[in-house]
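In: Got a sequence here, can you model it:
(chains A and B)
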Amino acid sequence: MAIKKDLSIDFLGVKCENPFFLSSSPVGSNYEMVAKSFEEGWGGVFYKTVGIFVADECSPRFDNVNKEGLPWVGFKNMEQISDKPTEVNFENMYKLKRDYPDKIMVASIMGSNDEEWRKLAKMCDEAGVDLIEGNFSCPQMTSHAMGSDVGSSPDLVRAYSKAVSETTKIPFIAKMTPNITSMEVPAIAAIEGGAKGIAAINTIKSITNIDLENMTAMPVVNGKSSISGYSGAACKPIALRFIAQMLQNEKLKDIPISGIGGIETWRDGLEFLLLGCRNLQVTTAIMQYGYRIVEDMKNGLMHWMDERGYNKLDDFIGKALGNIVPAEDLNRDFKIYPQFDDEKCIGCGRCYVSCYDGAHQAIDWDAERRRPVLNDNCVGCHLCLNVCPVANCITPGEIKWKDGREQIDIAMKHNYE
Amino acid sequence: MSKVRKDNYTSEAASGFTPRTAMEEAARCLLCHDAPCSQGCPAGTDPGKFIRSIRFRNVKGAAETIRENNILGGTCARVCPYDRLCEEACSRCGIDKPIEIGRLQRFAIEQEEAFKMQILNTPENKKNEKVACIGSGPASLACAAKLATSGYLVTIFESEEKAGGVLTYGITPARLPQNVVDQDIQKVKDLGVEFVFNTKVGEDLTIDDIKDKGFEAIFVGTGLWAAKIPDIPGKNLDGVTTAVDFLKNARESKGTLDVGSSVVVIGGGDVAMDCAVSAKLLGAEKVAIYYRRTLEEAPANMEEIQYAISLGVTITTNFAPAEITGDGKVEFITFDGRDKKSSAKVAADTVVFAIGQAPEDMKKLAPIEVTEKGTIEADEDGKTNIDYIFAAGDIVNGGNTVVEAVAQGKKAAEEIMNYFEKKGVK
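Out: Numbers count the residues shown, from 1 in each chain, chains lettered A, B, ... in the order given. Okay, here's the model as predicted:
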């Protein structure tokens, strides 16, 4: 690779060679898998969650959502925490850290009571892991004393964070569930309990598809199914929202966050960094494509940094956060009319159809020329721009100020991908 | 080395879609407001609608849209010149390449078969009038189906032992597999249309015999079955044949016809391509097409030309046949260049003339008005000089596409119904 940029970052006092980590999931279940991921360039691993509880899994356990033949828009997973003996997992973590000392080993743990959390924290200490993540968020546990049922209770999150933090000096990260209205509440509780960082988001409780053959959800397990966690590209917008709200909270704004949710490309990862995340976790895209995707994540991010003249991640981390404001704070004094490039236009009329049926009937259709013509009804919503299949055919054009409003220089988007 | 295709006589030229790949292709469709593809079909098929159905996971609805409009939906999906019709009109051409409309139509019709759908029905109350259709090619099948779905009793008289006309005897199965034709014809049979085979009207049976059987209107869709061979020396030598006979023999032999190692095909239309492709697939080592004009002037579909070339067939343009020589059997054929300077002498075991087909003597059928070329003089609704005789398809238009024949056969059916209505009023 011709391009070389420093992707290293400090996360909770631990020096990471890059921010791309495997999240605690099937992709980091044993020594061989994690070793391979390290060889291919991942910066570290949140090893698959270890508990005193050893999971008994169902078959099959996955499903995916597709749209127009595009698979894996979203992904459903019914697997719980590790199904291997606790000792075996800690031994793997120890050996991985021994064999790959520059890579970061994060133990993900889950207890079902105070005592178990303390016991697991102790084992983390003995295994010499760099960081500990508390899994307060797996939505498909077969016990209500564990997983997202715990994560939605601030008291339990606080208590278990305290149990771990009192037992070990290794920094503790609390992993949040999105199956809650306000993530700030349990996140603050975790910090109060002694957690040093937050990881978000775990998967979203879901039913991906109803099977018409068995009249149940997917996947079908002996004619039945269960609600379980949804992940993948479709979840990114929800993850970004929760993370922005936490980082804009007065009590959480300085807490290091590890971002998770639908990261497939360097650009997805960058979006989490721009909100302020200092670490990135990936599972679903690896399950679909394999560990090798990290090559383009790292290289793509380096090229973007080169384009923008950045030398390190801290140059731009959090740059977008301040520009996400409450709806009442937006400037509502103007509208931007779309402009249509008649040369680029192929005459499909999708802008006309969508504007009429889904917006403000602001486009007339010139049937003879097969071209849209904007009329006075336009409110500048840009539905037309969103639906147009041709790149840069419909773009933001003239700015129209509402009567009596102050005209200022405004920042607007010019380049659409 | 070029990668030349090695196919069998019965192997298909193109593969179809699976449900997944069909969805991917349908997702490429822009679902245009004015669907120019839907305005491009002579038979009035609405691709904009059936592709939208596939995109919104209603493949049965897609099959309905196609079959309700075109009784030969499966056949047309294989042989339509899409690149000159709906696909040429596709807006997506402005971005990259058109939607594969023909292949999506094929997919929808395959699903119709897979789901054993019965889309077309006849009304419970049948009409009193009976109609005879002469010939069982595209125009007759379309006319008969239209009449049957309107409640008329229809009988098709066919001179051959199988139905389909040019579809069954004239097109190479690589392009149009027999089972596709048979499935379309089964739809006609399912509508209660009767078929009488091995009966050549005008020879085995007269128009008056048909009238005596109670048929009050007669549709003529006999197609063009007389071959054209230019009047050049050697045209009667063994091994010199016409496209009609060549393709028919090839199909009837089920791919075992011995064509020799070197075949020369003369012509520039789809039929010439079919002959060349058949010859190659039948095992000829060397197959060469000679056409008297340029490729640009050739009426063949570019897709068919490319398919022939992909099999290793060569095409030489601007050469017209001058003489065939050989001792009782063809050995050489010579060509004169259009530039009046060039010439070529080519060794051949078989020479196939695919320079168009002519009508048989329609006067034998009825005292019907014909053109100079011998085609039936009929208006665009299929009316002839005899009030109860209607005609459409190649026998009227002198040789056009299957989809044109379907469109014209349907129109003639409408006109026949008008005729009955007017007669009833009197």
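In: Only C-alpha atoms, please: export the least confident helix or strand in chain A by mean pLDDT in PDB.
Out: For chain A, using mean pLDDT, DSSP states H and E, the weakest element among its helices and strands is helix A:148-151, scoring a mean of 91. Output in PDB follows, covering the C-alpha atoms of helix A:148-151 (Å, rounded to 0.1, in the frame of the first residue of the first chain):
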ATOM      1  CA  SER A 148     -30.400  -6.500  27.800                       C
ATOM      2  CA  ASP A 149     -32.800  -7.000  30.700                       C
ATOM      3  CA  VAL A 150     -29.900  -6.000  32.900                       C
ATOM      4  CA  GLY A 151     -28.800  -3.200  30.600                       C
END
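In: Packing partners of it?
Out: Helix A:148-151 is packed against helix A:154-167, with contacts defined by 3 or more C-beta pairs under 8 Å, 6 or more residues apart in numbering or on different chains; DSSP states H and E. Every residue, glycine included, has its C-beta placed from N, CA and C.
In: Name the residues of the helix it packs on that are buried.
Out: A:154, A:156-165, A:167 (16 or more other C-beta atoms under 10 Å in any protein chain shown).
In: One more: stretch A:358-374?
Out: Buried, per 16+ other C-beta under 10 Å, within stretch A:358-374: A:359, A:362-363, A:365, A:370-372, A:374.
In: filter the residues you listed by proximity to chain B?
Out: A:365, A:370 (C-beta under 8 Å from any C-beta of the partner chain).
In: Residue B:358 contacts residue B:226, correct?
Out: Yes - between residue B:358 and residue B:226 there is a contact at 4.2 Å, judged by C-beta atoms under 8 Å.
In: Who has more neighbours out of those two?
Out: residue B:358 (16 against 12; other C-beta atoms under 10 Å in any protein chain shown).
In: Please report the distance of the more buried one from chain A.
Out: Distance, residue B:358 to chain A, by C-beta to the nearest C-beta, to the nearest Å: 42 Å.
In: Please list all residues in contact with that residue.
Out: B:224, B:226-228, B:373-374 (C-beta atoms under 8 Å, 6 or more residues apart in numbering or on different chains).
In: now do residue A:382
Out: Contacts of residue A:382 (C-beta under 8 Å, 6+ apart): A:336, A:338, A:396.
In: tell me the secondary structure for the second one?
Out: With DSSP: H, G, I helix; E, B strand; the rest coil as the basis, the three-state label of residue A:338 is strand.
In: And it, how close does it get to residue A:397?
Out: 6 Å (C-beta to C-beta, to the nearest Å).
In: what about those two, which has more around it?
Out: Per other C-beta under 10 Å, whichever of residue A:338 and residue A:397 has more neighbours is residue A:338, with 24 against 14.
In: And chain B, what are its domain boundaries?
Out: B:19-114, B:130-225+B:359-425, B:227-356 (automatic domain parsing).
In: Mean pLDDT and mean neighbour count added to those domains, as a markdown table?
Out: Shown next, in a markdown table, are those (pLDDT from 0 to 100; neighbours: other C-beta atoms under 10 Å in any protein chain shown):
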| stretch | mean pLDDT | mean neighbour count |
| --- | --- | --- |
| domain B:19-114 | 95 | 21 |
| domain B:130-225+B:359-425 | 95 | 21 |
| domain B:227-356 | 95 | 19 |
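In: could those be laid out in CSV, adding distance to residue A:109?
Out: What follows is the domains of chain B, written out as CSV (distance: least, C-beta to C-beta, whole Å):
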stretch, distance to residue A:109
domain B:19-114, 41
domain B:130-225+B:359-425, 62
domain B:227-356, 62
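In: nearest to residue A:17, of these?
Out: domain B:19-114 (38.7 Å; C-beta to C-beta).
In: ok, residue 6 - contacts?
Out: This is for chain A. Counting by C-beta under 8 Å, 6+ apart, residue A:6 touches A:311-313.
In: Just the element for the residue nearest to residue B:310 when sequence neighbours are not counted, please.
Out: Counting by C-beta to C-beta, 6 or more residues apart in numbering or on different chains, residue B:5 is the residue found nearest to residue B:310 once chain neighbours are left out, at 4.9 Å. For residue B:5, there is no host helix or strand (DSSP states H and E).
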